[in-house]
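In: only geometry, no sequence info:
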């Protein structure tokens with residue numbers, strides 16, 4: 001092997017090694033925050049439950065307050081509101097209580113409270129819903145296209161005397177989530193699809209036949225199908241290619 005050949009291989013090795021080193025450095029700089037995002041959130045003070053230790057709020061034990069007591073504290077902080085949901089943590093005594101002005105309150109009028117089930121004390125504010133969730137996924141997996149594959153709400157829908165199924169609460173729910181999805185797209189999220197759950201009323205694993213998720217009403221004994229008001233609203237939104245104004249509130253006058 002000649003001196004010239006050795007020099008050529010030396011230069012190739014040198015510059016390809018620098019390229020590989022630069023790539024690994026970039027991978028560390030961009031990847032480590034994703035790997036340790038929970039720890040970073042805790043150090044930055046953005047995770048109010050990070051310092052909580054103890055039994056998970058999903059369990060039962062002498063160190064946890066009764067759920068009725070936690071709910072009473074959450075309602076005391078939001079006079080006039082009603083309970084909607086509770087969410088639990090398997091590793092910490094953190095519990096999330098969602099309240100609203102009515103049982104069919106749209107998501108933009110719901111309030112999320114974070115409480116310590118071992119003490120009953122509030123521990124901070126919850127995040128900002130669907131848009132923040134989509135932004136978080138986009139941050140954690142920037143090259144991954146996103147699809148919302150199931151999004152819906154269950155209500156006790158019934159046809160009225162005119163043969164219509166007025167489900168304004170569902171319309172407000174879908175309108176709010178579609179607007180949140182649109183805001184996420186405007187902020188750079190690669191959101192490529194959104195699917196309403198569900199097309200038809202069906203048997204739900206948690207609700208059975210007691211609540212209905214469909215935008216098409218199903219009379220279970222006869223299997224007759226009847227598009228609900230939400231199906232007509234959704235059809236118009238698709239045909240229009242966007243949302244037009246805000247749906248009426250629970251009183252029928254203005255936004256909900």
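Out: Looks like it arrived, so ask away. Being a predicted model, the structure only gives us computed values, none of them experimental.

In: Now do the end-to-end distance for stretch 80-97.
Out: Using Cα to Cα, to the nearest Å, the end-to-end distance of stretch 80-97 comes to 15 Å.

In: Residues touching that stretch, excluding its own?
Out: With contacts defined as Cβ atoms under 8 Å, 6 or more residues apart in numbering, stretch 80-97 is touched by 49, 52-59, 63-64, 67, 70-71, 74-75, 98-103, 105, 110-118, 123, 126. (Glycine included, C-beta is placed from N, CA and C.)

In: What confidence value was assigned to residue 251?
Out: Residue 251 carries a pLDDT value of 41.

In: My error: substitute residue 1 in the last question.
Out: For residue 1, the predicted pLDDT is 68.

In: now do residue 129
Out: On the pLDDT scale, residue 129 gets 63.

In: Relative to the whole chain's centre, how far out is stretch 132-148?
Out: Centroid displacement of stretch 132-148 relative to its chain, using Cα atoms, centre = their mean, to the nearest Å, is 12 Å.

In: What is the burial count for residue 89?
Out: By other Cβ atoms under 10 Å, 18 other residues sit near residue 89.

In: my bad, should have said residue 194
Out: Counted with other Cβ under 10 Å, the neighbours of residue 194 add up to 15.

In: try residue 16
Out: Neighbour tally, residue 16, other Cβ under 10 Å: 10.

In: Phi first, then psi, for it.
Out: When read as degrees, to the nearest 10, the backbone of residue 16 gives phi -70, psi -30.

In: how much space between it and residue 75?
Out: Separation of residue 16 from residue 75 (Cβ to Cβ, to the nearest Å) stands at 65 Å.

In: all helices in the stretch 151-256 of the chain, in order from the N-terminus.
Out: Ranges of helices in the stretch 151-256 of the chain, per DSSP state H, counting those that start in this stretch, are 168-186, 229-240.

In: Kindly report the same for the stretch 1-150 of the chain.
Out: Counting by DSSP H, counting those that start in this stretch, the stretch 1-150 of the chain has helices at residues 3-35, 37-43, 67-77, 130-140.

In: Could you tell me the least trusted of these?
Out: Note on the helices of the stretch 1-150 of the chain: helix 37-43 shows the lowest mean pLDDT, a mean of 64.

In: Could you dump the helices of the stretch 151-256 of the chain into JSON lines and include mean neighbour count and mean pLDDT?
Out: Formatted as JSON lines, those follow (neighbours: other Cβ atoms under 10 Å; pLDDT from 0 to 100):
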{"stretch": "helix 168-186", "mean neighbour count": "20", "mean pLDDT": "85"}
{"stretch": "helix 229-240", "mean neighbour count": "15", "mean pLDDT": "94"}
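
In: Make JSON lines out of those helices and add distance to residue 146.
Out: Output for the helices of the stretch 151-256 of the chain, formatted as JSON lines (distance: least, Cβ to Cβ, whole Å):
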{"stretch": "helix 168-186", "distance to residue 146": "9"}
{"stretch": "helix 229-240", "distance to residue 146": "20"}
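
In: if we can go back for a sec, tabulate the helices of the stretch 1-150 of the chain (a markdown table), appending distance to residue 155.
Out: Putting the helices of the stretch 1-150 of the chain into a markdown table (distance: least, Cβ to Cβ, whole Å) gives the following:
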| stretch | distance to residue 155 |
| --- | --- |
| helix 3-35 | 38 |
| helix 37-43 | 35 |
| helix 67-77 | 22 |
| helix 130-140 | 19 |
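
In: of the ones you listed, which approaches residue 196 most closely?
Out: helix 130-140 (13.5 Å; Cβ to Cβ).

In: mind listing what's buried in the closest one?
Out: 130-131, 134-135, 137-138 (16 or more other Cβ atoms under 10 Å).
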